[in-house]
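Undergrad: Just need the structure, nothing else, for what follows:
(2 chains)
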Protein chains: 2
Amino acid sequence: MQSDNDVVVCEVGLRDGLQMLPQFFPTAEKIAWIRAECNAGVGEIEVTSLVPPKLVPQFADSDEVVRSALDMPGLAVVALTPNLKGAQRGLALRVNKLNFVLSVSRTHNIKNVRREREESIADFQRISEMLRPQLPDNRPRLIGGLSSALGCAYEGRIALDEVVDCAVALAEAGADEIMIADTVGYADPSLVRKTFQAVRAEVGSLPISAHFHDTRGLGLANVAAALECGVRRFDASLAGLGGCQFVPGATGNIVMEDLCFMLDAMGLRTGVDLEKLIGVREIVARNLPATLLFGGLARAGLPRGYAPTTRHTEA
Amino acid sequence: MQSDNDVVVCEVGLRDGLQMLPQFFPTAEKIAWIRAECNAGVGEIEVTSLVPPKLVPQFADSDEVVRSALDMPGLAVVALTPNLKGAQRGLALRVNKLNFVLSVSRTHNIKNVRREREESIADFQRISEMLRPQLPDNRPRLIGGLSSALGCAYEGRIALDEVVDCAVALAEAGADEIMIADTVGYADPSLVRKTFQAVRAEVGSLPISAHFHDTRGLGLANVAAALECGVRRFDASLAGLGGCQFVPGATGNIVMEDLCFMLDAMGLRTGVDLEKLIGVREIVARNLPATLLFGGLARAGLPRGYAPTTRHTEA
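TA: Model prediction:
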């Protein structure tokens, strides 16, 4: 049972962090990364994107990665899907969550998935209808993700009405969770508060999660603002890997280690053992020797005498 | 006249950023840095530390730097002083503000200024008495700074009572402003809220400023928390330079550019032209080619179509 002091963190580095990389991250190493982070107490991991391997060779090993992740105890295995076809694969693979992303920015939606927003919403509806006949415990939970919801590299500011309209459309189409994403790191704490409050007012008790990028250094300030709005689900990536291949300069998800440290220091329970989490960086470092790994906690270490809120017990 | 939407930002890179450097930053280049940042609209700059040149050769040029800075229109020139002797120099130089730092951590105070806290407070009292006979418009404003107030690399957690007691002691001894510093980047938004609210409750209407380090990535999240407590004065350093020479791993003030962007994006007026501010980095870069310059805004640029809250007009 979740209390208001529990926060779910979802690792997205294997999807958002790897999708831009020209080199293939070896399958066994992806699985080692997932296992190590699961062992550190991270409860949700977006392990892949269910796109055609020809489009993104990085995700050619989706089936194998998902199957291995599903064997790990207590882990919610998330896969991104841009369309019905990916969702069908996800259902067949029995992933725990399907993350469907609609861009609130019309231009970004076209660049990202080559279709109008209305077509994406219709596709989401079809996915939802496909999942509905499944037994509730047996079907993937469906995340309705809103990307570029807090600004767009093509369109600039996004009208709040449009964000709310898109959230309502996905909620009515059967989303189990609404995810609001600052894809290009344009958000600030004021905009976060306005947006999350407005969406909350329209989607009832549906869980809302936040996906922030640290492009301009405001990522954790935005998390703090979302926490005040009651948000208790956050995406992040180990060492701040990530970006979006279709928007210029959109580097860096918020750093998982720093996020977990902030939450833990604030007295919130993430389930994550901070020292173990820092240790997982080694897997990323050895596979991506040329990639800059971000993160203050890993550089500076825990404060002297730090008493963690989350005391992790080995599964 | 200040409104609740106005925020004062104070550049501390010339003091906090340079004090650890082994190489001397040329005097003319310090002055160029101050001038450029003043032209970008930064209203306060801590230009030096009034310590014996033998102790910190970096500040051997204090007099010349202060005199040049005092010629710049509209700039409040701040100098750090560890003791009465430095304050006497500051008074003779006619600096606008004297920043006296007391460490709430007993151990850090001894390491930093080689005396007990009580001796530092007595020294502060003597400085205050020295300044009192001066005409109000003619004397430096006296900042009572509390370092290691949110955690200490030697002592770990600092009891909130001790922070409040030190703040009250400096307020009663005549401080014009109380500055609360997270010298080693141990703070989180919850601790910031508790601490600033507790100090606020005891020091009446005295202005309170915040000095945060970004050691573990939480700097701007802590700013956002302090803003909610009504704090409207923040230290920061260009490109996140800085640290404390007496505490291990205490690298990095919050990044001035990212701070100003966050404040401006939130609709607060800093007086700072963001593009001009980014331009000042070039002066630091050419003088410190081996130093890592932090900052998301400088890397990613302003969001597309960004409409600044602060529209800077040339003086």
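Undergrad: Would you confirm that A:Pro82 contacts A:Val101?
TA: Yes: using C-beta atoms under 8 Å, A:Pro82 is in contact with A:Val101, at 6.8 Å. All C-beta spots, glycine's among them, are computed from the backbone N, C-alpha and C.
Undergrad: Give me the residues contacting stretch A:171-178.
TA: A:97, A:121, A:124-125, A:128-129, A:131-132, A:141-146, A:167, A:170, A:199, A:202-204, A:206-209, A:233 (C-beta atoms under 8 Å, 6 or more residues apart in numbering or on different chains).
Undergrad: how far does it stretch from start to finish?
TA: End-to-end distance of stretch A:171-178 (C-alpha to C-alpha, to the nearest Å): 7 Å.
Undergrad: OK, contacts around A:Tyr186?
TA: Counting by C-beta under 8 Å, 6+ apart, A:Tyr186 has contacts A:Leu150, A:Gly151, A:Cys152, A:Arg157, A:Thr215, A:Arg216, B:Pro303.
Undergrad: Just put those in CSV and tack on secondary structure.
TA: As requested, the contacts of A:Tyr186 are exported to CSV (DSSP: H, G, I helix; E, B strand; the rest coil):
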residue, secondary structure
A:Leu150, coil
A:Gly151, coil
A:Cys152, strand
A:Arg157, coil
A:Thr215, coil
A:Arg216, coil
B:Pro303, coil
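Undergrad: hmm, back to that, overlap in contacts, A:Pro82 and A:Val101.
TA: Counting by C-beta under 8 Å, 6+ apart, the residues touching both A:Pro82 and A:Val101 are A:Asn112, A:Val113.
Undergrad: on that earlier part again, which ones among the contacts of stretch A:171-178 map onto helices?
TA: Secondary structure assignment by DSSP state H places A:Ile121, A:Phe124, A:Gln125, A:Ser128, A:Glu129, A:Leu131, A:Ala167, A:Leu170, A:Val199, A:Glu202 of these in helices.
Undergrad: ok, of the residues you listed, which come out buried?
TA: A:Ile121, A:Phe124, A:Gln125, A:Ser128, A:Leu131, A:Ala167, A:Leu170, A:Val199 (16 or more other C-beta atoms under 10 Å in any protein chain shown).
Undergrad: since we're on A:Asn253, how many residues are nearby?
TA: 30 (other C-beta atoms under 10 Å in any protein chain shown).
Undergrad: I should have written A:Val7 there, sorry.
TA: Neighbours of A:Val7 using other C-beta under 10 Å come to 24.
Undergrad: Show the pLDDT at it.
TA: For A:Val7, the pLDDT comes out at 98.
Undergrad: what about the spatially most central residue of chain A, is that helix, strand or coil?
TA: The C-alpha lying nearest the average C-alpha coordinate of chain A belongs to A:Asp235 (C-alpha atoms, centre = their mean; 3.8 Å). Three-state call for A:Asp235 (three-state DSSP): strand.
Undergrad: repeat for A:Lys111
TA: Once three-state DSSP is applied, A:Lys111 turns out helix.
Undergrad: pretty sure it is touching A:Cys152, no?
TA: No: using C-beta under 8 Å, A:Lys111 is not in contact with A:Cys152, being 9.9 Å away.
Undergrad: neighbour count winner among these two?
TA: A direct count of neighbours by other C-beta under 10 Å for A:Lys111 and A:Cys152 places A:Cys152 higher, at 26 against 18.
Undergrad: Neighbours of the closest residue to that one other than its chain neighbours, how many?
TA: The shortest distance from A:Cys152 to any non-neighbouring residue, by C-beta to C-beta, 6 or more residues apart in numbering or on different chains, is to A:Ser105 (3.6 Å). Neighbourhood size, A:Ser105 [other C-beta under 10 Å]: 28.
Undergrad: for A:Arg193, same thing?
TA: Other residues close to A:Arg193 by other C-beta under 10 Å number 16.
Undergrad: List the contacts of it.
TA: A:Ala225, A:Glu228, A:Cys229.
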